[in-house]
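1. this is a predicted model, with the sequence first.
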Amino acid sequence: MADYPPFMNAYGNVTKILNKIKEAKTPDRFSHDYLDTVLGFSGGGARPFIALAKRIGLLNTDGTPTSLYNQFRNPAQSEQAMATMVRRGYRELYKRNEFTHALDESGLSGLVVEVTGLEEGSNTLRAIVKTFLNLTAFANFELEPVTQVDDDGAGDEKGSDRQASDDGTIGRQDQVGQLRFSHNIYLNLPDTNDVEVFNAIFKALKDNLLR
């Protein structure tokens with residue numbers, strides 16, 4: 001199957017589950033049992049939410065909540081956190097249009113067709129568009145974005161303890177014997193379009209924190 005942007009066929013559940021997440025206590029691990037028993041979504045249509053949540057950075061690959069999960073539950077940071085997750089999960093759309101979230105439904109549908117090659121009017125196209133719109137209803141893209149740096153326990157194939165992804169997140173793991181230490185770095189990025197400013201910030205991180 002093609003690697004489409006994140007979506008749920010039962011996209012109406014996106015809004016319902018996110019509202020429940022805000023209300024419920026943060027779990028140690030967000031499992032199907034948690035989704036079913038604690039949040040009350042027992043139908044099969046809700047189960048794909050976990051895969052969606054991992055792709056946008058709400059959950060780590062092992063199902064543990066990320067820092068963005070906690071920020072999303074914080075009313076003071078919730079909208080910024082969701083904006084960060086949307087940009088992360090739909091980065092291929094944002095590569096084509098940095099204001100993807102500002103498109104109307106028709107414009108968004110056209111962009112998804114352009115990026116994915118999907119047929120106009122297909123159920124998958126509709127599910128991608130509606131899932132995106134339901135997520136962005138929780139986001140504010142005008143506020144200063146938050147940056148997620150989370151360790152999900154997955155190393156790269158070379159076993160490096162230094163990780164940098166193309167969405168601007170940077171993380172490091174140190175292991176001593178059977179102990180594992182994780183470091184989270186949070187960045188409040190300045191409101192600027194000057195690339196040199198960001199280059200200087202990440203160079204300083206590399207030189208001083210990731211040695």
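-> Thanks, I have it.

2. ends of stretch 33-47, how far apart?
-> Using Cα to Cα, to the nearest Å, the end-to-end distance of stretch 33-47 comes out at 10 Å.

3. quick check: buried residues in that stretch?
-> For stretch 33-47, the neighbour count (16 or more other Cβ atoms under 10 Å) marks 34-35, 39, 41, 46-47 as buried. C-beta: built from backbone N, CA, C; applies to glycine.

4. list phi and psi for the most centrally placed residue in the chain.
-> Ranked by distance to the mean C-alpha position of the chain (Cα atoms, centre = their mean), the top residue is residue 56 at 2.3 Å. Dihedral pair for residue 56: phi -90, psi -10, per degrees, to the nearest 10.

5. make sure it is actually in contact with residue 84.
-> No: between residue 56 and residue 84 there is no contact under Cβ atoms under 8 Å: 9.0 Å.

6. OK, contacts around residue 139?
-> Each residue near residue 139 by Cβ atoms under 8 Å, 6 or more residues apart in numbering is listed here: 79-80, 82-83, 85-86, 101.

7. now do the strands in this structure.
-> 162-164, 170-176, 179-183 (DSSP state E).

8. which one of the ones you listed has the poorest average confidence?
-> Note on the strands of the chain: strand 162-164 shows the lowest mean pLDDT, a mean of 33.

9. report how many residues lie close to residue 129.
-> Per other Cβ atoms under 10 Å, the neighbour tally for residue 129 reads 22.

10. I figured it hits residue 106, correct?
-> No: contact criterion Cβ under 8 Å: residue 129 and residue 106 do not qualify, at 9.4 Å.

11. which helix or strand in the chain has the lowest average pLDDT?
-> Across the helices and strands of the chain, mean pLDDT, DSSP states H and E gives its lowest value to strand 162-164, namely a mean of 33.

12. let me know the pLDDT of residue 34.
-> 97.

13. ugh, wrong one, residue 207
-> For residue 207, pLDDT reads 67.

14. list the residues that contact the residue nearest to residue 125 when sequence neighbours are not counted.
-> Closest residue in space to residue 125, ignoring its immediate chain neighbours: residue 118 at 4.5 Å, by Cβ to Cβ, 6 or more residues apart in numbering. By Cβ under 8 Å, 6+ apart, the contact set of residue 118 is 4, 112, 124-125, 128.

15. same deal with residue 24?
-> With Cβ under 8 Å, 6+ apart, residue 24 has these contacts: 38-39.

16. do you know how far it is from residue 202?
-> 36 Å (Cβ to Cβ, to the nearest Å).

17. where does the residue nearest to residue 125 fall, phi/psi-wise?
-> phi -60, psi 160.
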